[in-house]
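Trainee: Coordinates only, no sequence provided:
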C-alpha cells in the first residue's frame, strides 16, 4: 500500500475568463473531422484547466486558482468547491452569526477539514467525486429556502500553484496554503447570496449571483470578490484536463494530476474500451467504427470515466500512456467520438519545457458516424 501511495504522490498560455458579459447569439461553427490535440496543462505544476470541445476542435484555458466556488445553474441550489486546488468545507456547529466566528473558535475543526491527509473520514469535507450534480452530495449542503437553515462553514481554501523546481517526470500539485474563510450561502430570489470573510474579520463581504441557464455553473472567486466565467457553455465542452481531488478506498481524499473529467452535468457520456493482449490497442482503435458502439456501456453519472486511467506514472518502463485502451465519448449534442492518448510528457522536439516533463498530454480523436 505504501508503494502504491508513493506512486500516486508523484503521479496527478491560459485565457482567463474573469469578466461577466451578456450571452451572445450562437455563431455557427464548422464540425471537426478529428485531430491530434496537445492538452497543455502547463508543466509539472499543472496550473491550467483545459476545457475541450471535440465537436468543434476547440480548447479553452483557465488557471485553476481563478475560482473557488461553482454555483449550480439548474433547478436545485448546489454549491461545488474547486477540487483542483484541494478545497474542503466543514459545518461550524452552533454558529449562527458569521461575524462572530473567529480562528480560535474553529481551531479543532481546522485539523479535520483537510484533503489528502490519509484520513478516511475526511471525505465528508469534499464534494461527491462522481460529479453527478445536482443529485450528488456536496460538502456545503444544498442551500435551503429558509435562510436560518443554511449553516456557516469553515472553508479550507486549498493550495496555490507551486512555483519551485520539480524533478523531470514528477509533478507538484500544490504550493503554499491559500488560507481559510468562513462562508454562509443563502438564496437570493432564484439565485444565491454568498456571505464570506477571513476568520478573524468582524464584518463580511457579500456576492449576489443570478443563475445563468446557458452554463452548468456560475463561478465565483472569493479571493477576488467577483463572479467570472470558467467553463464554456454547458453544451460547448466535453472533457477537462485538470488536477483533481479523488478518493482512495481506506485512505480518504487524495489529489491527482494528469486527470481528465467529462461533462456529465451537461449531458456527456463516456466509456473505456480495454483491448486484451495480444491484440494491438492501436489497431483496435483504428478499426473501431460507429456500428461497434455499445450504448449500454455509456456512463453519464460519473465524471471520472477517463480520470487517471489512461496513464501510468510508475510503470516498469517509466512514465507511460497505456496502449491497450481507448475511450468512446458521446457529447451533449449526441455526437460520438473515439479517443486514444498518445503522450503523457513533453516531447524532445517541442519548443517549450524539458523533454519528459509532465503536464503536456496529447491525444488523438475521430468522430464516429
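Mentor: Received it, and whenever you're ready, just let me know what you need. Note that the structure is predicted; figures quoted are calculated from it, not measured.
Trainee: which regions of the stretch 51-200 of the chain lie under the pLDDT threshold?
Mentor: For the stretch 51-200 of the chain, no stretch is flagged by pLDDT under 70.
Trainee: residues contacting residue 186?
Mentor: By C-beta atoms under 8 Å, 6 or more residues apart in numbering, the contact set of residue 186 is 143, 147, 150, 192-193, 195. Every residue, glycine included, has its C-beta placed from N, CA and C.
Trainee: Make a markdown table from these and add neighbour count and secondary structure to it.
Mentor: Compiled in a markdown table, these are given as follows (neighbours: other C-beta atoms under 10 Å; DSSP: H, G, I helix; E, B strand; the rest coil):
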| residue | neighbour count | secondary structure |
| --- | --- | --- |
| 143 | 23 | coil |
| 147 | 13 | helix |
| 150 | 20 | coil |
| 192 | 22 | strand |
| 193 | 17 | strand |
| 195 | 17 | strand |
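Trainee: per-residue confidence for the residue of the chain positioned farthest from its centre?
Mentor: Distance from the C-alpha centroid of the chain peaks at residue 278, with 34.8 Å (C-alpha atoms, centre = their mean). The model reports residue 278 with a pLDDT of 90.
Trainee: Tabulate the contacts of residue 186 in CSV, adding columns for distance to residue 287.
Mentor: Output for the contacts of residue 186, formatted as CSV (distance: C-beta to C-beta, whole Å):
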residue, distance to residue 287
143, 49
147, 59
150, 54
192, 49
193, 55
195, 57
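Trainee: Make sure residue 105 is indeed in a strand.
Mentor: No. Residue 105 is assigned helix when assessed by DSSP: H, G, I helix; E, B strand; the rest coil, not a strand.
Trainee: That one: neighbouring residues, count only.
Mentor: Applying other C-beta atoms under 10 Å, we find 15 residues neighbouring residue 105.
Trainee: Leaving out chain neighbours, which residue sits closest to residue 95?
Mentor: Closest residue to residue 95 apart from its sequence neighbours, by C-beta to C-beta, 6 or more residues apart in numbering: residue 152 at 4.2 Å.
Trainee: ditto for residue 172
Mentor: Nearest to residue 172 is residue 162, by C-beta to C-beta, 6+ apart, at 4.1 Å.
Trainee: Can you verify that neighbour is assigned to a helix?
Mentor: No. Using three-state DSSP, the assignment for residue 162 is coil, not a helix.
Trainee: show me what contacts it?
Mentor: By C-beta under 8 Å, 6+ apart, residue 162 lies in contact with 45, 172-175.
Trainee: Kindly recompute the last result at 10 Å.
Mentor: Taking C-beta atoms under 10 Å, 6 or more residues apart in numbering, we find residue 162 in contact with 44-47, 171-176.
Trainee: Break down the stretch 101-250 of the chain into its strands, ranges please.
Mentor: Under the criterion DSSP state E, counting those that start in this stretch, strands of the stretch 101-250 of the chain are mapped to 152-156, 180-188, 191-197, 205-209, 217-221, 226-228, 239-248.
Trainee: I'd like to know which of the ones you listed lies nearest to residue 32.
Mentor: Nearest to residue 32 among those is strand 239-248 (13.8 Å), distances taken as C-beta to C-beta.
Trainee: Can you spell out which helices and strands pack onto that closest one?
Mentor: Judged by 3 or more C-beta pairs under 10 Å, 6 or more residues apart in numbering; DSSP states H and E, strand 239-248 is in contact with helix 2-10, strand 35-40, strand 48-53, strand 58-63, strand 252-262, strand 358-368.
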